[in-house]
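Q: Next come a sequence and a model predicted from it.
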Amino acid sequence: MRLPRFAIEHHQFTVVIILLLVISGVVSIFTMPRSEDPQVSAPGSSVVVVYPGASPINLEQLVVDRIEEVVNELEDLRDIESHIEDGLAIVAVEFETGSDPDDKYSDVLQKVASIRNDLPDGIYSLDIHKWSVSDVNILQLALVSDNARYRDLEFELENLKRQLEVVSGVVEVETWAFPEQELRVAIDLEKLAELRIPIWQVIGAIQAESADIPGGTIDMGSKRFSIQTSGDYGAIDDVRNTIVHARNGRIVHLDDVADVRFDYEDTQYRARFNGRRAVFLTLAQKEGTNIFGVMRNLRPRIDAFESQLPSGMELHYVFDQSQSVKTNINGFFANFFQGVILVGVVVLLALGSRAAGIVMLAIPFSILIALGFVDTSGFGIQQMSIVGLVIALGLLVDNAIVVVENVSRFMQKGLKNSEAAVQGTDQIGWAIVSATATTVLAFGPLAMLRSMTGDFLRSMPLTVIFALSASLLISLTLTPYLSSRILRTTPVSEPGLFRRWLNRFIETRYRSALSYALDRPKRVIVIALVIFAASLALFPVVGFSLFPKSGKKQFVVNIDTPKGTSLDRTDEVARYVETFLDDRDEIKHYATNVGRGNPRIYYNVMPKNARSTHAQIFVMLEDIDTRKLADLITELRSGFETYPGARIEVKEFEQGPPVEAPIAIKAVSDDLDDLKEMARRIEHIIDSTPGTVNVGNPLRTSKTDLHVKINRGKAAMLGVPLVDIDRVVRAGIAGIPVSKYYDATGKEYDIVVRLPIGRKPVIEDFDAIRVTSVTGAQIPLKQLAAIELKASPTEINHYNLERSATVTADVLGGYSVDRVSKRIVARLRECDIPKGCRFSIGGELESREESFSGLMRAIITALIAIFGVLVLQFRSYRQPLIVFSAIPLAIIGSIVAIFLTGHSFSFTAFVGLTSLVGIVINNSIILVDYTNKLRIGGTDLVQALREAGQTRFTPIVLTTATTICGLLPLTVAGGSLWAPMGWTIIGGLLVSTFLTLIVVPVLYKLTEGKRG
């Protein structure tokens, strides 16, 4: 290998190149974006259709089926899921991971636009939203007042909104929980009856007057003039003066037959902060920006705004993601620096101060160089990239330890410093290249996983790859140069206490154990196989899981009342929950949302859209430990589970890509009655399975509607078109938006035609509704129609164009999602399923199968690639198999460690096992490579194995110790997410290291001894 000699002879060039790479990393530290979690979003779009008055059946047949049909023609389609309820339909279209989000969004736009004219005219709005990471808000504020008018609250918060929108890094600012103002046209039906003016004529007059049609342009000489027509309304008096009728010389204006004024729409969303009336403001940051920089620019404006608020108004922080990011990043970096200290102590004890200084220099240099490449790759500082640094920490010094150890050995043989550095590095140069390549190849497939899980994890393996590559460069260039200048040329007279103990252990215990094993090779292999088989038997006991709870000091309380429940009743339940929260000292504050979910503040939680039957309370806790959090959750669940007439669930945030629920079973059937029965059976099975909680069935309750049953024959005889009856009912109860009005500031208001009802509609209001015949006669609605109760579907859901219902559930702490899911599936397979129905598994089980199958492919790919590298290095097929023997030995330690620490084999544990594949075989490579060199030099086989084992014992043990020490702080403090990964690697390394030093020489003797 020529690189070490070149680096020493041209040390100026070596130092400059390394320093340039380090400086680029230093610059990146200050410019990289910072966030709490990886900013990932599945490529997809949502089509949201608002069709007032339409039933779920009508929406399904007239709108959703048509949209699904055209969208299903697109390529790279993964799932189409639709949710349909009264007046609202949402079609969620998800594409395969790796698809270009912008291109797919354009495709959805084009497909929906192609059928827009075929959809019903009564659709109020049809919007298409592209899924984006910027949909997650980093800040939520509450403007609180017990007595201020909503108009005043809106004025103040809109003022703050305008100030925050211009801050660099802000992508969107939204305000919430205001009842929208509208320009209400309250029709006097009696006056219309006297003047024989039908209501549709009034509506047509308003629409005609408010139309703004450009008149074009005209050239006059060298000038061009724009032609302005009548235009839309300029003031509210223009609306009042709209001519709605003219006959026999008499003109009827709108204000002659209606009261025109500003008013609030019917309340659909109420918000409170700590039980007090509030309105919210949320803010999202641009992708790739630094959350700390954004908040640093926002806070002065927020503080200034708060200081100028009128008396009676207060501003509070509901959620500030920068605080959570700061806590998490500080925690990860604390784990990292604790690992650095532990690694430094091990290296210092084993190598002495001079050698330790050279080795430890590899850590900051490799980390900084790696961060420069992480930044160039488009990733920022968040939990995944920091975990990548922690994993790499113990591995960074491995190459440097092996180089320094070997250079010291050559110096002790009497070679000059520079020549010892060259020969010492050259002897093991290709071995550490091969060892690093195998580790990099183990992490490489993880970086190429094509799934949401892969996107979520990607920055972690890339960070490890960049750090290991940097450490390899440093160990082959800077480390030999520094060794030639700093290490002593004379042998150390007296090794340290730790080194003396290690040498004594090698010369006594290890030498005798190795001799025993080499004398009885077959017995040793049988014992190793028995231990391996016994460890595999622990797999079912350990169990599987995907991603654990986030462990955040926050959670949400979801409240769902039966379909058809009023907003007031849902609000009563929310206030009941608030009484529980007010009595808990652990709770810092809470934000109540009645009529919809809390604005989105967590990357894998989507809030529910507006509905009177739903409320959500976001709860922020004081700084309490995990046990107190679990106790609080349990107590709250116990208090809420017996509440009648509502489903109240306490839900913790979870890590990982979005999953609808830990347990989710999809029932599929074209017949709604069969589907409801199937969902009921699934709900019963899940609810009766121990360990489940928060069981949800969207078809649990049916809904009763008021049906206007029109006597069609009578309506025809009296000359009343059916559409006019529908319009009048709509106008009388909910109002009909007929046009837009813009005030002097450009703010938009709906012009809503409705009856003069100044309160919430009641059933008696139908008695006041009259319809106009073609002759102008006013006919009471009750003469043409009867009001009766009628059952109707509460909601309709589609999964990939088929009707479906998803029954969901959470799993209590202490229960394995894997075991609970398997019990449920086993019972479902024995269940009597209605004809034409079937079920499929969703939730964590489906996501786990997809994610784990991707990881299995990653492991197989890594093994093949690593095998190829080893074949290239050893020019043999047998010796790579000897090296691979370290993998099952590592699995033994991993399973035992997971079992003893009480964790399940989660996705992160599987990531740890994948990482372990590349790490543990490095020890085997060093042993086999040095044995080969000794045999080439003429040493006897058994003697070569003994000498290789004793010589390489110290660097192998040291590299294992540094890797474990680097991971130990994160493993101990990593909670349920990172602890399984840490214990998987630590347990695998511990067992593999000591068994490798025995089993690899034994296998080498059995395979190579036959060739003699």
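A: Noted; the coordinates are in hand.
Q: residues in contact with residue 937?
A: Applying Cβ atoms under 8 Å, 6 or more residues apart in numbering to residue 937 gives no contacts. Any C-beta I mention is one placed from the backbone N, CA and C, and that applies to glycine too.
Q: hey, C-alpha coordinates of stretch 57-67 in PDB?
A: C-alpha atoms of stretch 57-67 as PDB (Å, rounded to 0.1, in the frame of the first residue of the first chain):
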ATOM      1  CA  ILE A  57     -74.200   7.700  -0.400                       C
ATOM      2  CA  ASN A  58     -74.700  10.600  -2.800                       C
ATOM      3  CA  LEU A  59     -71.100  11.800  -2.400                       C
ATOM      4  CA  GLU A  60     -69.800   8.300  -3.000                       C
ATOM      5  CA  GLN A  61     -71.800   7.700  -6.200                       C
ATOM      6  CA  LEU A  62     -71.600  11.200  -7.700                       C
ATOM      7  CA  VAL A  63     -68.100  12.300  -6.600                       C
ATOM      8  CA  VAL A  64     -65.800   9.900  -5.000                       C
ATOM      9  CA  ASP A  65     -66.300   6.900  -7.400                       C
ATOM     10  CA  ARG A  66     -65.500   9.200 -10.300                       C
ATOM     11  CA  ILE A  67     -62.400  10.700  -8.700                       C
END
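Q: who touches it?
A: By Cβ under 8 Å, 6+ apart, stretch 57-67 touches 47, 49, 51, 54, 82, 84, 87-89, 91, 112, 115, 118-120, 123, 792-793, 796, 798.
Q: Could you rerun that using 7 Å?
A: Applying Cβ atoms under 7 Å, 6 or more residues apart in numbering, the contact partners of stretch 57-67 are 47, 49, 51, 82, 84, 89, 91, 112, 115, 118-120, 793, 796, 798.
Q: Any of these buried? List them.
A: Listed as buried from the contacts of stretch 57-67 are 47, 49, 51, 82, 84, 89, 91, 112, 119, 793, 796, 798; burial here means 16 or more other Cβ atoms under 10 Å.
Q: So which of those residues sit within strands?
A: Per DSSP state E, strands hold the following members of the buried ones among the contacts of stretch 57-67: 47, 49, 82, 84, 89, 91, 796, 798.
Q: Specify the beta-bridge partners of the fourth one.
A: Bridge pairing for residue 84 (DSSP bridges) gives the partners residue 89, residue 796.
Q: Quick check: it vs residue 51, distance?
A: Going from residue 84 to residue 51 by Cβ to Cβ, to the nearest Å gives 10 Å.
Q: One more: residue 147?
A: Separation of residue 147 from residue 51 (Cβ to Cβ): 38 Å.
Q: Dump the ones in strands among the buried ones among the contacts of stretch 57-67 to a markdown table, plus pLDDT and distance to residue 666.
A: A markdown table is the format used below for those (pLDDT from 0 to 100; distance: Cβ to Cβ, whole Å):
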| residue | pLDDT | distance to residue 666 |
| --- | --- | --- |
| 47 | 91 | 21 |
| 49 | 89 | 23 |
| 82 | 91 | 13 |
| 84 | 88 | 16 |
| 89 | 89 | 19 |
| 91 | 92 | 17 |
| 796 | 87 | 14 |
| 798 | 91 | 11 |
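Q: and the two most separated of those?
A: Between any two of those, the greatest separation by Cβ to Cβ is 15.5 Å, found for 47 and 796.
Q: quick one: residue 786 and residue 709 touch, right?
A: Yes. Counting by Cβ atoms under 7 Å, residue 786 touches residue 709, with 4.9 Å between them.
Q: that older thread, now, the most widely separated pair of the buried ones among the contacts of stretch 57-67?
A: Greatest spatial distance in these: 112 and 793, 24.4 Å, computed using Cβ to Cβ.
Q: Tell me the gap between stretch 856-870 and the middle of its chain.
A: Stretch 856-870 sits 29 Å away from the centroid of its parent chain (Cα atoms, centre = their mean, to the nearest Å).
Q: Just the residues contacting it, thanks.
A: Stretch 856-870 has contacts (Cβ under 7 Å, 6+ apart) with 434, 437-438, 441-442, 444-446, 449, 880, 883, 914, 917-918, 921.
Q: Of all the residues in that stretch, which ones are buried?
A: Those would be 858-859, 861-863, 865-867, 869-870, for stretch 856-870 by 16+ other Cβ under 10 Å.
Q: cool, stretch 189-207 as well?
A: For stretch 189-207, the neighbour count (16+ other Cβ under 10 Å) marks 189, 192-193, 195, 197-199, 202-203, 205-206 as buried.
Q: just stretch 135-152 next, same as before
A: Judged by neighbour count (16+ other Cβ under 10 Å), stretch 135-152 contains these buried residues: 135-145, 148, 150.
Q: and of the contacts of stretch 856-870, the nearest to residue 383?
A: residue 446 (15.8 Å).
Q: For that closest one, list the residues it contacts.
A: 457, 461, 858, 911, 914.
Q: Show me the shaky parts of the stretch 751-900 of the chain.
A: For the stretch 751-900 of the chain, the stretches flagged by pLDDT under 70 are 757-761, 768, 776, 792-793, 851-853.
Q: Restricted to helices, list the contacts of residue 446.
A: Residues of the contacts of residue 446 located in helices (DSSP state H): 457, 461, 858, 911, 914.
Q: Just the buried ones from the residues you listed?
A: Buried by 16+ other Cβ under 10 Å: 457, 461, 858, 911, 914, out of the ones in helices among the contacts of residue 446.
Q: and these as CSV, adding distance to residue 946?
A: Below are those laid out as CSV (distance: Cβ to Cβ, whole Å):
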residue, distance to residue 946
457, 43
461, 38
858, 37
911, 37
914, 34
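Q: So in the chain, where's the weakest helix or strand by average pLDDT?
A: Ranked by mean pLDDT, DSSP states H and E, the weakest helix or strand in the chain is strand 223-226, scoring a mean of 69.
Q: Tell me the helix or strand right after that one.
A: Later in the chain than strand 223-226, the nearest helix or strand by DSSP states H and E is helix 236-240.
Q: what about stretch 930-945, how long is it end to end?
A: With Cα to Cα, to the nearest Å as the measure, stretch 930-945 spans 9 Å from end to end.
Q: Let me know the average pLDDT across it.
A: Taken as a whole, stretch 930-945 has an average pLDDT of 87.
Q: Stretch 613-629 now?
A: What stretch 613-629 shows for mean pLDDT is 88.
Q: list the buried ones in it?
A: For stretch 613-629, the neighbour count (16+ other Cβ under 10 Å) marks 613-621, 629 as buried.
Q: about what we covered before: got the buried residues of stretch 135-152 as JSON lines, with distance to residue 318, secondary structure and pLDDT columns?
A: Shown next, in JSON lines, are the buried residues of stretch 135-152 (distance: Cβ to Cβ, whole Å; DSSP: H, G, I helix; E, B strand; the rest coil; pLDDT from 0 to 100):
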{"residue": "135", "distance to residue 318": "17", "secondary structure": "helix", "pLDDT": "75"}
{"residue": "136", "distance to residue 318": "15", "secondary structure": "coil", "pLDDT": "84"}
{"residue": "137", "distance to residue 318": "10", "secondary structure": "coil", "pLDDT": "90"}
{"residue": "138", "distance to residue 318": "12", "secondary structure": "coil", "pLDDT": "91"}
{"residue": "139", "distance to residue 318": "9", "secondary structure": "strand", "pLDDT": "94"}
{"residue": "140", "distance to residue 318": "4", "secondary structure": "strand", "pLDDT": "95"}
{"residue": "141", "distance to residue 318": "6", "secondary structure": "strand", "pLDDT": "95"}
{"residue": "142", "distance to residue 318": "5", "secondary structure": "strand", "pLDDT": "95"}
{"residue": "143", "distance to residue 318": "11", "secondary structure": "strand", "pLDDT": "95"}
{"residue": "144", "distance to residue 318": "10", "secondary structure": "strand", "pLDDT": "95"}
{"residue": "145", "distance to residue 318": "15", "secondary structure": "coil", "pLDDT": "93"}
{"residue": "148", "distance to residue 318": "18", "secondary structure": "coil", "pLDDT": "90"}
{"residue": "150", "distance to residue 318": "19", "secondary structure": "helix", "pLDDT": "88"}
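Q: Name the residues of the helix or strand where residue 505 lies that are buried.
A: Per DSSP H and E, residue 505 falls inside helix 497-505. For helix 497-505, the neighbour count (16+ other Cβ under 10 Å) marks 499, 502 as buried.
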